[in-house]
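Colleague: compute the structure for the input listed below.
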Amino acid sequence: MTSLIKKSTDEPDLLINEVVGVPGGIGQAARTARADAFDRWLAGLLPPRDGVALVAVGGLGRRQCAPYGDLDLVLLHAGVPGIDELAAALWYPVWDANLRLDHSVRTVAEALSVAQDDVKVALGLLDARLVAGDPALAETLARSATDHWRRTAVRQLGPLRELTTARWQAHGELAFLLEGDLKEAAGGLRDVGILRAVALAGVTDALRPAVRAAHLRLLDTRDALHHQVGRRVDRLVAQERDGVAARLGLRGAPEAAQGTGSDGDALLRRIAGDARTVRHALDDAFRAADRLRAGRRRGADGRPLRRPVARDVVEHDGELVLARTAIGARPDPSLSLRVAAAAATTGLPIARATCEWLAAYCPPLPTPWPVEARSALVTLLGAGPGLLPAWETCDRYGLIDGWLPEWTRMRSLPQHNPVHRFTLDRHLVQAAFEAGRRTREVDRPDLLLLGAFLHDIGKGLPGDEPGAAADHSVVGAPIAEAVATRIGLPEDEAALIGTLVRLHLLLPDVATRRDLADPVTIGRVAEAVGDVTTLDLLHALVRADAAATGPAAWSDWKGRLVAELVARVRTTLDTGAVPQPPAPDPALVAGPLPVVHLTGDRVAVAAADRRGLLATVAGCLALHRLEVLAADASTVDGRALVECRVQPRYGLPADPVALSADLRRAVGGDVSVTQRLRGRALAARGSGAEPRVVWHRDAATDAVLLELRAADAAGLLYRVTSALDAAGAHVRAARISTLGGDVVDAFYLVGGWPDDDERDRLEAAVLAAV
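Modeller: Now for the predicted structure:
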């Protein structure tokens, strides 16, 4: 597409396409102007002819043209001859103008026949609008398509719901995603089209004013995204957020305590609110269609059946409503929580009128909460699949803010770590859901659920900024403890919730960054945890947190490391003794040198003792595109032993024969292999934020710890270990932890604490290698 776009806010006068003369700009007026421009141009392409009409559907049919949207056109005819030649004369100018085109040539009967078999086509024809040609023909199609939809909508909404659910599963929920698809994700523009069809069928009032306003804002956001990127795109990725927000005139609040520190964050929060409005309206619409399709179950008196499901809660016509006895002058403060718990456990939705009544009349909870309220919260958090829809419904009507005043700050708060897929509020609810899968593994499942729900409550607060002395776990611990006290937990249990929040990063951090064979490592974790009950709760919380974060937050290797750490710490807590490190592999300490063993994710090498062996092995692994997750170097009876845990960098396993041959030559001092290693490592240098070195004293029995934080890159371990070796340092172990595009590499340097000059020298060598 020929583009004259430039990235500025002065866009209404720009032309998106020179040939057609389509204007740019953001907003409804700009979208209408684009539709008018397309109409004029397309009308000029169709010669006057009886029985032929050019009909627009999709965005052009709705007069909601995005700057770089597609054209969806139907050439409608009444069986006239030469229609194929006429179609070619229409489509080729569109393609020559570099416009994306979805086209078809049909009679009215053919179009209606396809719509009868394909619900998506039926929805598309509801937007049919004449662009040029025979108006009677176009009117016949539009009227017939609308009549057909109204007659069959209740039946067709069932299959449509299945298609919509599959799309949601593929694209996720726009309200909670950090990089969501504005069109296809749940709550996006595609769902507004379904709501429009539901409203047209008269099933329910689906297009309420809040939905219309949300729709317009989502359209504006897509307009701005197209302008920002300069092409058609519907996924709002992180690097485009601030630019899109600027084009929309959005400004983030500067106060970190408000959780919105950038324009992009303000944009994400606005999108989240709009997507929630759309998704909630569509859920209501589908439920209304289900009730119509199933018919109402009625008793002998002709009224819909009512079935008690919990105290003060009954099922009425497939929804949960309040029992008559619950509605009084002084409602129970725990009533809203008990209704939410009933919805989550039964999987039934809460009626809209009930939510509105609870929001208006349910009194605030006292401090501390009554037992019924606390029990209902735990039931809600542990309800399984019913938790997420019940929680979202309560949040849409403001009930959550009444339970937890902290929720207002956390709602739709973006998380900028690349491993996270959800906003903070959804992450916390998802963590509670994942913790519910592990309640049978711990002695206190209620504390596990509450700890998982509150574990990141400190995010977005002062002190949680990058480079701060504390992090969100430290900042959030006293807040979580205060919340636990407010909901009525005894003092010791509230303190345990604070401990879980403060230590929820301890196990994965230590497992991936420290030597688990070192007694100091195990002893310090045991001292911090204190008892087996807390250890088990932390272990379950770590796995729930990782599952709620995203696939990049966990791996089988990480799981094995955490499990190994937990087992060693448990032994120490039970017996008071630190387990001894495992003995060296007998195959490495006997037989002729060199020895190379490759088994699964383990690479073990034994060679004649010499300096730089770890660096040589690390470089050879990088040459074969293997990432080193952990490395240990030791000397036994004059033999240098190096054991590494590895994984393929790009998902393809290394050739074991070639890897074994290169390792043997490299540890034997083959110069040609060394030269290949250096050339490949230098070519793979990464880029990113400035690297940083952190020293840890007394973190090991016989070594000091040098921790490198830098951008990830192939060959990084080889370059750093080579630099340390050249500087005279003896590295006995390395632990590599990858966090998105960054790494935290820990190197155990044998010997005592170096003086200031020595630390400066080693630090300079490492940073130069990075």
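
Colleague: secondary structure element for the residue nearest to Leu248 when sequence neighbours are not counted, which one?
Modeller: Among residues not flanking Leu248 along the chain, Ala224 sits closest, at 5.1 Å (C-beta to C-beta, 6 or more residues apart in numbering). (C-beta placed from N, C-alpha, C; glycine too.) Take DSSP states H and E as the rule and Ala224 turns out to sit in helix 209-229.

Colleague: residues making contact with that helix?
Modeller: 5, 7, 11, 24-28, 30-31, 64, 66-69, 182-183, 188-189, 192, 195, 232-234, 236, 240, 243-244, 247-248, 267, 270-271, 273-275, 277-278, 281 (C-beta atoms under 8 Å, 6 or more residues apart in numbering).

Colleague: among these, name the ones in helices.
Modeller: Using DSSP state H, 28, 30-31, 189, 192, 195, 243-244, 247, 267, 270-271, 273-275, 277-278, 281 are the members of the contacts of helix 209-229 that sit in helices.

Colleague: show the buried residues in the residues you listed.
Modeller: When those are checked for burial by 16 or more other C-beta atoms under 10 Å, the buried set is 30-31, 189, 192, 195, 243-244, 247, 267, 270-271, 273-275, 277-278, 281.

Colleague: circling back to that earlier point, quick check: mean pLDDT across the helix holding Ala224?
Modeller: Averaging pLDDT along helix 209-229 gives 96.

Colleague: alpha carbons of it, as PDB, please.
Modeller: This file holds the C-alpha atoms of helix 209-229, laid out as PDB (Å, rounded to 0.1, in the frame of the first residue of the first chain):
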ATOM      1  CA  PRO A 209     -24.700   3.000  26.100                       C
ATOM      2  CA  ALA A 210     -21.600   1.700  28.000                       C
ATOM      3  CA  VAL A 211     -21.000  -0.900  25.300                       C
ATOM      4  CA  ARG A 212     -21.300   1.700  22.500                       C
ATOM      5  CA  ALA A 213     -18.900   4.000  24.300                       C
ATOM      6  CA  ALA A 214     -16.400   1.100  24.800                       C
ATOM      7  CA  HIS A 215     -16.700   0.200  21.100                       C
ATOM      8  CA  LEU A 216     -15.900   3.700  19.900                       C
ATOM      9  CA  ARG A 217     -12.800   3.800  22.200                       C
ATOM     10  CA  LEU A 218     -11.600   0.500  20.900                       C
ATOM     11  CA  LEU A 219     -12.000   1.700  17.300                       C
ATOM     12  CA  ASP A 220     -10.100   4.800  18.100                       C
ATOM     13  CA  THR A 221      -7.300   2.700  19.600                       C
ATOM     14  CA  ARG A 222      -7.100   0.600  16.500                       C
ATOM     15  CA  ASP A 223      -7.000   3.700  14.300                       C
ATOM     16  CA  ALA A 224      -4.100   5.000  16.400                       C
ATOM     17  CA  LEU A 225      -2.300   1.700  16.300                       C
ATOM     18  CA  HIS A 226      -2.500   1.600  12.500                       C
ATOM     19  CA  HIS A 227      -1.100   5.100  12.300                       C
ATOM     20  CA  GLN A 228       1.700   4.300  14.800                       C
ATOM     21  CA  VAL A 229       2.900   1.200  12.900                       C
END
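
Colleague: that one: which residues count as buried?
Modeller: Within helix 209-229, the residues scored as buried using 16+ other C-beta under 10 Å are 211, 214-216, 218-229.

Colleague: pull the most distant pair out of those residues.
Modeller: For those, the farthest-apart pair by C-beta to C-beta is Val211 and Val229; their separation is 26.9 Å.

Colleague: need the contact list for Leu505.
Modeller: Taking C-beta under 8 Å, 6+ apart as the criterion, Leu505 is in contact with Asp471, Ser473.

Colleague: er, Ser473 actually
Modeller: Contacts for Ser473 were tallied using C-beta under 8 Å, 6+ apart; they are His455, Gly458, Val501, Arg502, Leu503, His504, Leu505.

Colleague: from the chain's centroid, how far away is the strand or helix carrying it?
Modeller: Secondary structure here is read from DSSP H and E; on that basis Ser473 sits in helix 472-486. Centre-to-centre, helix 472-486 and its host chain are 25 Å apart (C-alpha atoms, centre = their mean, to the nearest Å).

Colleague: again with stretch 604-621
Modeller: Here stretch 604-621 is found 39 Å from its chain centre; the criterion is C-alpha atoms, centre = their mean.

Colleague: just the buried residues of that stretch, please?
Modeller: Of the residues in stretch 604-621, those with enough neighbours to count as buried (16+ other C-beta under 10 Å) are 604-607, 612-621.

Colleague: also stretch 449-466?
Modeller: Of the residues in stretch 449-466, those buried under the neighbour-count criterion (16+ other C-beta under 10 Å) are 449-461, 464.

Colleague: report the secondary structure state of Leu706.
Modeller: For Leu706, the assignment made with DSSP: H, G, I helix; E, B strand; the rest coil gives strand.

Colleague: what do you get for the one 4 residues further on?
Modeller: Of the three states, Ala710 takes strand under three-state DSSP.

Colleague: from Ala661, how far off is it?
Modeller: Computed with C-beta to C-beta, to the nearest Å, the distance linking Ala710 and Ala661 is 31 Å.

Colleague: okay, those two: which has more neighbours?
Modeller: Legend: neighbour count by other C-beta atoms under 10 Å for Ala710 and Ala661, higher for Ala710 (22 against 13).
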